[in-house]
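Asks: Can you look at this prediction? I've put the sequence above it.
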Amino acid sequence: MKRNLQFVNFALLFGLASIVFTGCQTETNTGEHSDKNAKQGINEGGTFPVAYIDTDSLLRQYKLAIDLQEDLLKKEEKSRTDFNEQAKRLQNQMTEFQRKVQNNGFLSRERAEQEQRNLMAREQELQKLNGKLSQELMAEQEGLNRQLRDTLTNYLEEYNADGRFKMILSNTLGDNVLYSAPGVNITQQIADALNSRYEISKGESAEATK
């Protein structure tokens with residue numbers, strides 16, 4: 001009767017291989033080569049403006065992600081505690097049933113069989129509850145993942161409003177970026193900006209509840 005709650009790891013919420021921005025391009029009259037570069041999103045120096053975010057590092061720093069994870073862990077612990085209490089009560093009832101059977105504590109065989117059926121029904125209900133709690137927590141985890149992903153992508157659209165980058169990659173578990181030039185990793189800038197916005201929103205929420 002052990003619970004088997006499974007959760008989607010926060011670090012896997014960014015399943016996006018990349019977040020692509022087309023950006024704003026300026027028409028020039030400097031010749032066919034410049035026009036071709038502009039259409040391809042290539043800078044005058046011949047570089048394609050790309051940046052990346054280390055999502056593992058971002059999630060460790062982002063206060064909203066930390067708070068959401070803590071809230072979810074508290075709900076998981078409460079569900080686990082409630083379930084374990086019910087499982088313990090059922091186990092005690094089963095132990096008592098076995099004791100009464102061994103000591104001929106039932107007035108009739110029919111009465112013992114009825115009690116056994118009741119215990120089996122409670123066990124099935126407990127199994128259903130286990131599945132229900134697991135599904136609810138997983139659904140909430142997925143909802144929090146979507147919230148974090150939407151928060152990030154919405155901010156990146158604002159962050160890249162000037163079209164400086166044509167592509168912003170997600171480097172999860174260090175698998176996607178093997179090498180980068182200095183300044184291409186914008187994780188810290190994004191983490192600082194998101195945390196600043198989150199602190200402001202928390203302050204506004206606190207003021208609203210006064």
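Replies: Noted; the coordinates are in hand.
Asks: where along this protein do the helices fall?
Replies: Using DSSP state H, the helices of the chain run over residues 32-40, 55-61, 63-102, 109-159, 187-208.
Asks: Highest mean neighbour count out of those?
Replies: Comparing the helices of the chain by mean neighbour count (mean count of other C-beta atoms under 10 Å), helix 55-61 ranks first with a mean of 19. C-betas here are computed from N, CA, C, even on glycine.
Asks: how distant is that helix from the center of its chain?
Replies: Between the centre of helix 55-61 and the centre of its chain there are 12 Å (C-alpha atoms, centre = their mean, to the nearest Å).
Asks: Could you do stretch 165-174 as well?
Replies: 18 Å.
Asks: Also stretch 153-165?
Replies: On the basis of C-alpha atoms, centre = their mean, stretch 153-165 sits 23 Å off its chain's mean C-alpha point.
Asks: For it, the averaged confidence score.
Replies: Confidence over stretch 153-165, taken as the mean pLDDT, stands at 93.
Asks: follow-up on the earlier one: so which of the helices of the chain comes closest to residue 174?
Replies: Distances from residue 174 to each of these were compared using C-beta to C-beta; the shortest belongs to helix 55-61, at 7.7 Å.
Asks: Now residue 122. Nearest residue, chain neighbours left out?
Replies: Leaving aside its sequence neighbours, residue 122 sits nearest to residue 90 (C-beta to C-beta, 6 or more residues apart in numbering; 5.5 Å).
Asks: got a list of what that neighbour touches?
Replies: Contacts were defined as C-beta atoms under 8 Å, 6 or more residues apart in numbering; by that measure residue 90 touches 1, 119, 122, 123, 126.
Asks: Could you dump the helices of the chain into TSV with distance to residue 172 added?
Replies: Supplementary listing: these in TSV, determined by distance: least, C-beta to C-beta, whole Å:
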stretch	distance to residue 172
helix 32-40	27
helix 55-61	5
helix 63-102	14
helix 109-159	12
helix 187-208	12
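Asks: looking at those helices, which one has the lowest mean pLDDT?
Replies: Note on the helices of the chain: lowest mean pLDDT is at helix 32-40, with a mean of 46.
Asks: so how far is residue 204 from residue 91?
Replies: Look at residue 91 and residue 204: by C-beta to C-beta, to the nearest Å, they are 49 Å apart.
Asks: Tell me the confidence at residue 7?
Replies: Looking at residue 7, its pLDDT stands at 37.
Asks: Format the CA atom coordinates belonging to stretch 77-90 as CSV.
Replies: Once side chains and other backbone atoms are set aside, the C-alpha atoms of stretch 77-90 remain, and they are given as CSV (Å, rounded to 0.1, in the frame of the first residue of the first chain):
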residue,chain,number,x,y,z
GLU,A,77,3.7,16.1,1.9
LYS,A,78,0.1,16.8,3.1
SER,A,79,-1.3,14.3,0.6
ARG,A,80,1.3,11.7,1.6
THR,A,81,0.5,12.2,5.3
ASP,A,82,-3.3,11.9,4.8
PHE,A,83,-2.9,8.8,2.7
ASN,A,84,-0.5,7.1,5.2
GLU,A,85,-2.9,7.8,8.0
GLN,A,86,-5.8,6.1,6.1
ALA,A,87,-3.5,3.2,5.1
LYS,A,88,-2.4,2.7,8.7
ARG,A,89,-6.0,2.6,9.9
LEU,A,90,-6.8,0.0,7.3
